[in-house]
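Asks: requesting a structural model of the entry that follows:
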Amino acid sequence: MRVVEPEHDPLDGRPWRIPLWTRLTPLVLVVLVVATQTVHAVNDPDTWWHLRTGDELRRHLDLVGPDPWSPFTTREWIRHQWLGDLLLSWLHGVGGLPAVAWYVAVLGTATLVTAYLVARRDAAVEPRLRQPDIFARIGRGFLRNGEQ
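Replies: Modelled structure (predicted):
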């Protein structure tokens, strides 16, 4: 008969008392909820502006210059969101609006996973910080970002 050693917490070295599948289930469920809530049709009117700006950037590669859509401007137009605009334009060219919608879902999920990993890293500094508190902090961050 073989004795199985318990897994140890990488943060403080103590053995886990909860099985791995039980610890990962809340994380997987939250990621799935975020992914399913962010997959929807493109409904932000600003998206069209970013697509058009990205198309212009791909055509001319001008970051500073006159506003191409307003002939009466007196100041130069500085494209400060050029990288995102280029990416959205490229995605739109490759896969149309569904690719743009999927990009939003992937970006939202990646943001959640990154926030979780950063909170997990911070838990190494403060061992009392555990998974429920990590999810509470992430939720508070998303709620604050949604407020205007």
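
Asks: and residue 63, its phi and psi?
Replies: The phi/psi pair for residue 63 (degrees, to the nearest 10) reads phi -90, psi -30.

Asks: do you know how far the nearest residue to it once chain neighbours are set aside is from residue 55?
Replies: With CB to CB, 6 or more residues apart in numbering as the criterion, residue 63 has its nearest non-adjacent residue at 5.2 Å, and that residue is residue 79. Quick note: C-beta positions are derived from backbone N, CA and C, even for glycine. Plainly put, residue 79 is 12 Å away from residue 55 if you go by CB to CB, to the nearest Å.

Asks: residue 39 too?
Replies: 24 Å.

Asks: what segments of this structure are helices?
Replies: With DSSP state H as the criterion, the chain has helices at 20-38, 46-60, 82-125, 131-146.

Asks: quick one: contacts for residue 39?
Replies: Residues in contact with residue 39 (CB atoms under 8 Å, 6 or more residues apart in numbering) are 101-102, 104-105.

Asks: show the buried residues in those.
Replies: Those of the contacts of residue 39 that meet the buried threshold are 101, 104-105, by 16 or more other CB atoms under 10 Å.
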